[in-house]
Each structure stands twice: as C-alpha cells, then as structure tokens.
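Asks: here is my input; please provide its structure:
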Amino acid sequence: MGHLDHAAYGWLTPALSYVMASIGAALGLRCTVRALAATGASRRNWLLTAASAIGTGIWTMHFVAMLGFEVNGTEIHYNVPLTILSLLVAMLVVGAGVFAVGYGKDRGRSLVLGGLTTGLGVASMHYLGMAALRLHGEVSYDPLTVGLSVAIAVIAATAALWAALNIKSPVAVAVASLVMGAAVSIMHYTGMMAVAVSVSPSDAALPGATAMQFIFPLAVGLGSYLFITAAFVALSPTADERAASASAAQHLGEHTATAH
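Replies: Numbering: from 1, shown residues only. Okay, the predicted model is just below:
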C-alpha cells in the first residue's frame with residue numbers, strides 16, 4: 001500500500017481550501033438572501049449567482065486540498081474531462097438545491113429536498129474528482145467512511161440552505177459561512193480518509209495533466225471569479241437600499257414640485 005500524504009505542503013493547502021469554501025459559502029448565502037427578497041428575473045439571476053458561487057467554492061476547496069495530496073511511489077495526474085465534469089456537477093446540483101429553496105411553496109419540504117439533492121451532488125463532485133485521478137496503482141475506498149462523508153455532505157448542505165432561509169444579517173451570514181466552510185472541509189477530508197492506494201511502480205507515462213499544469217491555474221481562475229463576484233455583490237444595493245433610494249427620490253420630487 002502506498003503511503004498517502006494529505007498535506008504535503010503543511011497547513012497551506014488545508015487552510016487555503018477552507019478559506020475558498022468559506023468565501024463561496026458567504027457569497028452564495030448573500031446571493032440567496034438577495035434572491036428571496038427579489039421577484040421575477042432578478043430572483044432567478046441571484047439564485048444562479050448563488051449556485052455558481054457555492055459550487056465554485058466547493059470545487060475549488062476540493063482541488064486546492066488535492067494540491068497537497070501525494071502518494072509515495074507514484075506521480076498523480078488528472079483526467080481533464082472528468083475534472084471539468086465534476087465542476088459542472090457541483091454547480092448544477094447546488095443550483096437545483098438553491099432553486100428548490102428559492103421557488104418552493106413549502107419551505108420545510110423544499111429544505112429537505114434541496115439539502116438532500118445538494119449534499120448528494122457535493123459528494124458526487126468529490127468522488128468524480130477522485131475518479132479523475134491517474135496514478136500507477138489502484139485506488140480503493142472504505143465503504144463505511146464513504147457513507148459517513150456522504151452523510152456529512154447532506155447535513156452540511158441542509159444546514160447551509162436553512163441558513164439561507166433564516167439568516168439575514170451580514171454578521172450571522174459570516175458566521176454561518178465559516179461553519180459551512182468547516183463542514184465542507186470535514187466532508188472532504190473524511191472522504192480522503194476512506195482512500196487506500198495499492199501502488200504498482202512503473203516508468204510508463206501517466207495520461208492526463210499534472211496538478212500544476214491544470215488544477216492550479218483553474219483553481220486560481222475560479223478563485224478570482226469568487227473575489228470579483230464578491231466585490232460586485234458587496235457594491236450592489238440591497239432591495240431595502242433600492243427602496244430607500246426610490247423613496248428619497250420621490251420625496252425630493254414632491255418637495256421640488258411643491259416649491260414650484
């Protein structure tokens with residue numbers, strides 16, 4: 001069995017991956033709060049932004065953490081199409097979850113359905129990403145630990161959607177995001193504890209791309225997207241701010257008309 005190192009760069013990759021998960025969660029929760037206060041196309045657009053933010057944050061968390069994953073006795077490459085598919089799955093299933101919450105009539109039922117869908121999707125993203133690994137050897141999993149990681153994913157997703165429905169203040173959203181980021185990170189490393197690798201040393205070239213050739217630049221790009229989107233959301237006025245601005249403009253207009 002090959003010795004697995006889940007943090008080859010020390011605390012750098014676990015800490016950075018946690019930060020990315022928390023930023024994605026914070027942005028997604030803020031967008032969901034905005035969506036629930038909006039109607040029509042505006043609600044849809046906010047929910048789409050929330051889904052892309054949370055999905056991107058979870059995917060980036062996983063693969064930043066994987067930058068620190070090493071197996072003694074073999075290089076690790078990644079199948080590019082499968083890796084991209086795992087990103088699309090993350091966004092689609094998170095989208096299904098937030099739209100279930102955003103448009104559901106029965107909040108309780110929507111929460112359960114959305115949490116289950118999103119949690120299973122997060123787990124699917126994780127194990128699709130693991131299926132993209134290419135190394136000299138065989139990867140196997142402990143079924144009980146895999147089951148535990150899936151359960152953690154479902155609980156974390158349900159808690160995140162509950163927070164989106166019930167938490168409004170920026171401070172509370174920040175705290176919820178830190179908790180959600182921790183839950184996603186725990187799910188990831190629980191899933192990684194299920195992994196065992198039987199190494200078969202070989203000089204043959206591995207298919208796919210190395211982490212630095214593909215994963216690192218993609219993670220940097222998606223991380224930049226999260227920061228830019230976060231800035232946009234922070235600068236975008238809330239529904240209450242727009243209403244206050246409209247009311248102030250109306251009062252100004254009435255005052256001007258009275259003066260004339």
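Asks: when you work out contacts or count neighbours from here on, use the C-alpha atoms and nothing else.
Replies: Noted.
Asks: where in the stretch 101-250 of the chain is pLDDT low?
Replies: 235, 237-250 (pLDDT under 70).
Asks: and the contacts of stretch 25-33?
Replies: 46-47, 49-54, 57, 98, 102, 160, 163-165, 167-168, 170, 173-174, 176-178, 180-181, 226, 229-230, 233 (Cα atoms under 8 Å, 6 or more residues apart in numbering).
Asks: got the CA positions of it in CSV?
Replies: Extracted C-alpha coordinates of stretch 25-33, given in CSV (Å, rounded to 0.1, in the frame of the first residue of the first chain):
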residue,chain,number,x,y,z
ALA,A,25,-20.5,29.9,1.1
ALA,A,26,-20.6,33.5,2.2
LEU,A,27,-21.2,34.7,-1.4
GLY,A,28,-23.8,32.0,-2.0
LEU,A,29,-25.7,32.8,1.2
ARG,A,30,-25.7,36.6,0.5
CYS,A,31,-27.0,36.0,-3.1
THR,A,32,-29.7,33.7,-1.8
VAL,A,33,-30.8,36.3,0.8
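Asks: so how far is it from its chain's centroid?
Replies: Centroid separation for stretch 25-33 versus its chain: 11 Å, with Cα atoms, centre = their mean, to the nearest Å.
Asks: ditto for stretch 52-72
Replies: The answer for stretch 52-72 is 10 Å, by Cα atoms, centre = their mean.
Asks: what does stretch 119-134 contact?
Replies: Outside stretch 119-134, the residues within contact range by Cα under 8 Å, 6+ apart are 58-59, 62, 76-80, 82-83, 85-87, 89-90, 93-94, 149-151, 153-158, 188, 206-208.
Asks: which residues of the stretch 101-250 of the chain fall in strands?
Replies: 133-135, 137-141, 195-199, 209-210 (DSSP state E, counting those that start in this stretch).
Asks: out of those strands, deepest packed?
Replies: Counting by mean count of other Cα atoms under 10 Å, strand 133-135 has the highest mean neighbour count of the strands of the stretch 101-250 of the chain, with a mean of 21.
Asks: distance check, the nearest residue to L67 once chain neighbours are set aside against H77.
Replies: Distances taken as Cα to Cα, 6 or more residues apart in numbering place A211 nearest to L67, at 6.4 Å, with adjacent residues excluded. The spacing between A211 and H77, counted by Cα to Cα, to the nearest Å, is 7 Å.
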